[in-house]
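Peer 1: Attaching a predicted model along with its sequence, questions to come.
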Amino acid sequence: MAVRRRKGGRDGVSSSEAETVDCQEKKDAAGSNAGFQWTPVSILSVAVGLFMAYYSGSTHGWLMATLHENVLWFSNIKEVEREISFRTETGLYYSYYKQLVNAPTIAQGLYELVHDNITEHGKTINILERFNIYQEVVMALLYRFLSLQKTVEPVFFYIHAVFGLHSVLVMSLYGTTWLLSGSWLAGILSAAFYTFNKVDTTRVEFTIALRESWALPFWYMQMFLLTVFFHPNLHRNLKVVTVSLLYVCTFCFALTWQFAQFALLLQAMALFGCAVLDVIPAQKIRQVWLIQAGSLLAVCVCQFFNKMVLCSLVLSFIPSAMLVIAFKERVFTRRGLSWQFAGLVLNVILVMVSMLLFNKYVIKTIIRTDADQHIFNFLMGKFGLSGNQRDFDAQLYLCETAFRVLPLDTFVRLSKSLVFPLYAVFHLCVLLVLMQSVLQNWRPPMYSTEDPATRNDAQNPPLPLGSAHPLLLQRPQLAYHAISAAVFGCLAVSTMRFKYLWTPHMCVLAAAGVADFEAWKILLNKLHAGLSESKVHLCRHIVTAGILALLFAVALPSTLDELKILKEFHDPDTVQLMEWIKKETPVSAAFTGSMQLMAGVKLSTGRPITNHPHYEDRDLRNRTKQLYQIYGRRHPQEVHAILKAHGTSYIIIENSICYERGHNIGCRLRDLMDMTNHHIVEGGTTGSEDHPATHARFCHAIQSGAPEYRKYFTMVFQNKTFRTYKVS
């Protein structure tokens, strides 16, 4: 790969080389577009490419909406069933959209969000500060301002907005591939890869209101814009527009997902890698870092100075990285493999240590918060670095399948649809060429002259031997995607939950590799084909079209069969519970139960709840751990005291949790409560501080109706799944 040389004097760099760099920089600044001419054919090609981008994106959005309808029969089921279909935390988020849509006035609806005493009964919280629900606010305001009440039901306006955003997501992947490969046919291939591999690329059809469902479209729009921004010949005016849109997309991404800060951290690390390897101009990387930091600070302001945003590692990493890069530019200016490699190791160590020290001893000392401590506990437990393997909060994550290592069957599925083999080959080749380019750039310059005596003769300036590999020549955007995909690939392999941040990269690089002109040119030269450029273009397009046809032949039949499957949402026990609550309990009655169920109770009934699934607050985590004693082995009087302390009117016990057999021993909720209480786990390992429980399990023993239970609890509702007790 061609790496642009650093500005300023460097040992061993001749004046002719410096002039070459200066000319290249002037050419970049002028926005040169050499090699491309707007002809009727090129205009027609671009028009067809843009139409196919729209068609590919809209087809994906239609497919997701249709599958959602086919699985749930969403348009025909009752409203309460639609609401119940928003499982776990998605129901909590959607409830705020419903609340604002149904509020007497917009002002009152917003006031109730800022002064909410229903979500955590007994405590008034600012929903806009605690949760990332600005998307619900915007959608509710649009629904009311557009006066759609008589034409579209609120829920359909909401879900189709999400599916529409995912159409834009696919268009962004299409555009990124088109920019990297120079072929819109490759864009179609990447969109097809993404759509046909939906099991591993998206889950929007059944988690519509999940924060990532709103955020990821902005993430991949940002990825497209970064591809534009890193182009070496970007026109000034286009650069201004691109930077502005980059900020908007990064801001929207961070505003709509509480875990966006971690994706931005990995992106910032990938950019740091590009900076220390000199594959992208440091000035551009600094601009992206400033966009990231500015977006997060703006989000912090919008969320009423949310402390978790201020304490995010990425806001500690960015200033550390900028200082380290400034240090590198001043100190590590001399060529030489050993010198540059030592600098690379030192830079990485410096940035990581300074980030951690700055975050822990500066930011958290000033702000005094540990809202994100559960995430660090999870990471420590995940990689076996924690001495406490029984931390309740960490185990809630570690026991979930989604937070385990990416299973091998993922690669089998992705290989059957062709994407993984193509991605692996191209990504590996790009990384090898990138490494070769970096090593070449680090070596001292070599010169060739006919007469050594004239080596420094002005009439015969020294000529550098060799140049960077042509595959990455003037393509820093490809180098960025290679490094970024490697970073997110490591994350996805270690934690399955994050494969949705890697597999779209996979689709883009696989398709771009198939249609890459430089790669085909090198390959054909190796085969001694000696074809003209027009024939090289023809070869790459024929192969891309062939792989696209093969993909459709392999994947389209199963997709069409899936579209024929018609199901219907069916959860009569939960429907019965929600309808009983609405009819038989006071509006002010507060409910306690599992976090997932409580989100549904709030959405469907509007009753106050004591706990919920948004787990990013220390007080809520402590409260949940206390309330979950209904699944522990504690005396009924102790459980009653805890419930009354939080103002609970009713408790809902789920038999599926009380008698759970799905998880491994040690991961069932009742096991986690036993470990928290230092009770010996039934059938599990025993800790050094564990002792036998002196009481029966509350959720089971309460069914006996013994006097010690009847004194505090009265059963008021029961079906096959739920038991509801009134707290005296």
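Peer 2: Done, it's in.

Peer 1: where does the chain have low pLDDT?
Peer 2: Across the chain, residues meeting the criterion (pLDDT under 70) sit at 1-36, 334-335, 371, 386-389, 445-473.

Peer 1: Tell me where it has strands.
Peer 2: Using DSSP state E, the strands assigned to the chain run over residues 591-592, 650-654, 713-718, 722-727.

Peer 1: okay, these, which one's buried deepest?
Peer 2: Most buried of those, by mean neighbour count (mean count of other CB atoms under 10 Å): strand 591-592, with a mean of 26. Quick note: C-beta positions are derived from backbone N, CA and C, even for glycine.

Peer 1: Give me the helices and strands touching that one, please.
Peer 2: Applying 3 or more CB pairs under 8 Å, 6 or more residues apart in numbering; DSSP states H and E, we find strand 591-592 packed against helix 595-605, strand 650-654.

Peer 1: How much space separates the residue most central in space within the chain from residue 550?
Peer 2: The structure's the chain has its C-alpha centroid closest to residue 501; by CA atoms, centre = their mean the separation is 5.2 Å. With distances taken as CB to CB, to the nearest Å, residue 501 is found 27 Å from residue 550.

Peer 1: do the same with residue 426
Peer 2: To residue 550, residue 426 is 17 Å away according to CB to CB.

Peer 1: Between these two, point out the one with more neighbours.
Peer 2: The neighbour comparison of residue 426 against residue 550 (other CB atoms under 10 Å) goes to residue 426, with 19 against 12.

Peer 1: contacting residues around the residue nearest to that one when sequence neighbours are not counted?
Peer 2: Sequence neighbours aside, residue 513 is the residue nearest to residue 426 in space, at 2.7 Å (criterion: CB to CB, 6 or more residues apart in numbering). By CB atoms under 8 Å, 6 or more residues apart in numbering, the residues touching residue 513 are 181, 422-423, 425-427, 429-430, 519.

Peer 1: what about burial for those, which qualify?
Peer 2: 181, 422-423, 426-427, 429-430, 519 (16 or more other CB atoms under 10 Å).

Peer 1: Switch those over to a markdown table; also include distance to residue 109.
Peer 2: Below are those laid out as a markdown table (distance: CB to CB, whole Å):
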| residue | distance to residue 109 |
| --- | --- |
| 181 | 47 |
| 422 | 50 |
| 423 | 46 |
| 426 | 50 |
| 427 | 48 |
| 429 | 55 |
| 430 | 51 |
| 519 | 55 |
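
Peer 1: ok, the residues you listed vs residue 613, which is closest?
Peer 2: Of all these, residue 423 has the smallest distance to residue 613: 34.0 Å, by CB to CB.

Peer 1: Spit out the contact partners of the closest residue to the closest one other than its chain neighbours.
Peer 2: Spatial nearest neighbour of residue 423, chain neighbours left out: residue 510 (3.8 Å); criterion: CB to CB, 6+ apart. Going by CB under 8 Å, 6+ apart, residue 510 touches 189-190, 193, 418-420, 422-423, 426.

Peer 1: again with residue 401
Peer 2: residue 496.

Peer 1: which residues touch the residue nearest to the centre of the chain?
Peer 2: Residues counted as contacts of residue 501 (CB under 8 Å, 6+ apart) are 219, 263, 266, 488, 491-492.

Peer 1: Could you tell me which of these belong to helices?
Peer 2: Cross-referencing these against helices under DSSP state H gives 219, 263, 266, 488, 491-492.

Peer 1: Now stretch 515-532: buried residues?
Peer 2: Neighbour-count burial for stretch 515-532 [16+ other CB under 10 Å]: 515-522, 524.

Peer 1: what's the answer for stretch 99-106, then?
Peer 2: By 16+ other CB under 10 Å, the buried positions in stretch 99-106 come out as 99-101, 103.

Peer 1: which among those gets closest to residue 560?
Peer 2: Of the buried residues of stretch 99-106, the one sitting nearest to residue 560 (CB to CB) turns out to be residue 101, at 36.4 Å.

Peer 1: That closest one: what's it in contact with?
Peer 2: Counting by CB under 8 Å, 6+ apart, residue 101 has contacts 140, 143-144, 154.

Peer 1: ok, now residue 296?
Peer 2: Counting by CB under 8 Å, 6+ apart, the residues that residue 296 touches are 254, 261, 264, 309, 312, 314-315.

Peer 1: From residue 481, how far out is the nearest residue to residue 405 once chain neighbours are set aside?
Peer 2: Nearest non-adjacent residue to residue 405, counting by CB to CB, 6+ apart: residue 494, 6.4 Å away. According to CB to CB, residue 494 and residue 481 sit 20 Å apart.

Peer 1: Counting neighbours, go ahead and name the busier of the two.
Peer 2: Each of residue 494 and residue 481 has its neighbours counted (other CB under 10 Å); residue 481 has more, 25 against 14.

Peer 1: That one reaches residue 180, doesn't it?
Peer 2: Yes. Residue 481 lies in contact with residue 180 (CB atoms under 8 Å); the separation is 6.7 Å.

Peer 1: what's the overlap in contacts for the two?
Peer 2: Taking CB under 8 Å, 6+ apart as the contact definition, residue 481 and residue 180 share the neighbouring residues 227, 508-509.

Peer 1: between these, which is nearest residue 439?
Peer 2: Distances from residue 439 to the shared contacts of residue 481 and residue 180, taken by CB to CB, are shortest for residue 509, at 22.2 Å.

Peer 1: re the thing from before, would you mind saying which of the strands of the chain lies nearest residue 474?
Peer 2: strand 650-654 (59.9 Å).

Peer 1: quick one, the closest one and helix 595-605 angle?
Peer 2: For strand 650-654 against helix 595-605, the angle by axes from the mean of the first three to the mean of the last three CA atoms, to 10 degrees is 120 degrees.

Peer 1: elements contacting strand 650-654?
Peer 2: Checked by 3+ CB pairs under 8 Å, 6+ apart, strand 650-654 has strand 591-592, helix 595-605, strand 722-727 packed alongside it.

Peer 1: can you give me the angle that strand makes with strand 713-718?
Peer 2: Going by the same axes, to 10 degrees, strand 650-654 makes 60 degrees with strand 713-718.

Peer 1: Parallel or antiparallel, list what pairs with strand 650-654.
Peer 2: strand 591-592 (parallel), strand 722-727 (antiparallel) (DSSP bridges).

Peer 1: how about those in a markdown table, adding distance to residue 297?
Peer 2: As requested, the strands paired with strand 650-654 are exported to a markdown table (distance: least, CB to CB, whole Å):
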| stretch | distance to residue 297 |
| --- | --- |
| strand 591-592 | 37 |
| strand 722-727 | 44 |
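
Peer 1: looking at those, which is closest to residue 72?
Peer 2: The nearest among the strands paired with strand 650-654, by CB to CB, is strand 722-727 at 21.4 Å.

Peer 1: gap between the closest one and the chain center?
Peer 2: 38 Å (CA atoms, centre = their mean, to the nearest Å).

Peer 1: Also stretch 190-207?
Peer 2: With CA atoms, centre = their mean, you get 14 Å for stretch 190-207.
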